[in-house]
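Participant: Just a sequence and a predicted model for now, questions to come.
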Amino acid sequence: MRTLALLLGLTLIAGCQASAGGEITITQPARSTKATTKVRAVEVKVVAPALLATAGGNILTDGGAGLIKGGQILTDGGAGLGPRFDLLAAVDQFKSVKAAGVQAVGLDGKAIGQVGTTDETGGAKLADLPAGKAVSIIAAFKTGGKVYRLAATLGADDFDGTLMLDPINTMVEARVRDLLKGADAPSITNKRLKRVWGICNKAEITLTPAEIEAGRSLAEITETLNKAWKAAIDAKVTSVEEKAEIQAFIADLDAAGKK
């Protein structure tokens with residue numbers, strides 16, 4: 001009993017302070033104020049122009065995960081293999097890419113997390129992505145001696161489904177990244193991104209293999225994609241209402257990037 005009392009006394013003393021007047025003040029241990037960073041995961045699917053497929057209907061890659069390093073795509077090496085976006089009219093235009101490398105990249109260009117590799121169906125899962133912040137997801141693969149790049153924007157809000165890394169979203173991602181310049185844009189939601197994708201998909205907008213080649217600077221690639229998308233919207237989106245939706249989308253991106 002004496003030992004127990006002694007222990008209790010030492011415990012009380014450890015949490016107490018004596019004031020000048022002899023009064024005992026009980027103090028509480030300091031609580032950690034370290035914030036818990038919220039993260040999320042996303043399922044992606046990589047599909048490329050069907051023109052890259054072989055006679056057997058598949059796109060054969062001889063380089064994937066090894067082509068991405070620090071959020072950048074390498075073109076002179078790296079042979080190591082390593083709301084839902086539905087495929088509608090695009091199903092005949094695009095083919096799944098097996099063994100492509102995929103990685104999340106911030107709008108500031110900094111790599112996020114590890115490089116993943118797509119499976120037999122072109123699918124992969126990226127985890128530990130920051131919640132509440134828009135990011136780019138990039139994919140790289142090598143076939144026929146050339147390296148190709150695809151991408152998509154993941155909005156800052158919650159996302160449920162499979163994010164398509166295809167020619168359409170590659171053009172959209174280029175426009176988002178180019179206009180936002182790293183700024184936050186809460187109005188650019190996943191629902192809105194899906195809607196823009198749907199308009200372009202219905203119009204059967206796509207890219208040629210040459211337009212997704214990665215053997216250029218990111219600035220050159222972005223310029224090529226922006227020109228291709230503008231030309232495609234002008235020529236193929238015939239609905240006045242749908243064109244207005246895309247123009248409003250671009251206007252909001254532009255305004256957010258200038259804040």
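Facilitator: Structure's in. What do you need?

Participant: Next SSE downstream of the lowest-mean-pLDDT helix or strand in the chain?
Facilitator: The helix or strand of the chain with the poorest confidence is strand 24-26; it has a mean of 40 (mean pLDDT, DSSP states H and E). Beyond strand 24-26 on the C-terminal side, the first helix or strand identified by DSSP states H and E is strand 39-49.

Participant: Please spell out which residues along that next one are buried.
Facilitator: 40, 42, 44, 45, 46, 47, 48, 49 (16 or more other CB atoms under 10 Å). For glycine as for every other residue, the C-beta is placed from the backbone atoms N, C-alpha and C.

Participant: show me what contacts the fifth one?
Facilitator: Residue 46 makes contact with 96-97, 100, 102, 118, 122-124, 139, 141, 150, 165-166, according to CB atoms under 8 Å, 6 or more residues apart in numbering.

Participant: Distance-wise, check residue 195 relative to residue 188.
Facilitator: 11 Å (CB to CB, to the nearest Å).

Participant: my bad, residue 65
Facilitator: Taking CB to CB as the measure, residue 65 falls 29 Å from residue 188.

Participant: coming back round to it: just the contacts of residue 46: which are in strands?
Facilitator: The strands, defined by DSSP state E, take in 96, 102, 123, 124, 139, 141, 150, 165 from these.

Participant: ok, now which ones touch the fifth one?
Facilitator: In this structure, residue 139 makes contact with 44, 46, 97, 100, 101, 102, 118, 149, 150, 151, 165, judged by CB under 8 Å, 6+ apart.

Participant: 6 Å - rerun?
Facilitator: Residue 139 is in contact with 46, 100, 102, 150, 165, counting by CB atoms under 6 Å, 6 or more residues apart in numbering.

Participant: Could you point out which of these is nearest to residue 208?
Facilitator: Set against residue 208, the nearest of the contacts of residue 139 by CB to CB is residue 150 (13.2 Å).

Participant: Where does the closest residue to residue 216 other than its chain neighbours sit: helix, strand or coil?
Facilitator: Nearest non-adjacent residue to residue 216, counting by CB to CB, 6 or more residues apart in numbering: residue 224, 7.7 Å away. At residue 224 the chain is in helix, as set by DSSP: H, G, I helix; E, B strand; the rest coil.

Participant: Could you tell me the model confidence score at residue 224?
Facilitator: pLDDT recorded at residue 224 is 96.

Participant: With the one 4 residues further on instead?
Facilitator: Model confidence at residue 228, expressed as pLDDT, equals 96.

Participant: For it, give its distance to residue 237.
Facilitator: Residue 228 sits 14 Å away from residue 237, going by CB to CB.

Participant: Same question for residue 57.
Facilitator: 29 Å.

Participant: what's the neighbour count on residue 209?
Facilitator: By other CB atoms under 10 Å, the residues close to residue 209 number 16.

Participant: If you could redo that for residue 251, that was the one I meant.
Facilitator: Neighbourhood size, residue 251 [other CB under 10 Å]: 11.

Participant: Report whether it is found in a strand, as I expect.
Facilitator: No: applying three-state DSSP, one finds residue 251 to be helix, outside a strand.

Participant: do you know how far it is from residue 75?
Facilitator: In this structure, residue 251 and residue 75 are 34 Å apart, going by CB to CB.

Participant: same question, residue 107
Facilitator: Going from residue 107 to residue 75 by CB to CB gives 23 Å.

Participant: Break down the stretch 51-200 of the chain into its strands, ranges please.
Facilitator: Secondary structure of the stretch 51-200 of the chain (DSSP state E, counting those that start in this stretch): strands at 68-69, 72-73, 94-96, 101-106, 111-117, 123-130, 135-143, 146-154, 162-165.
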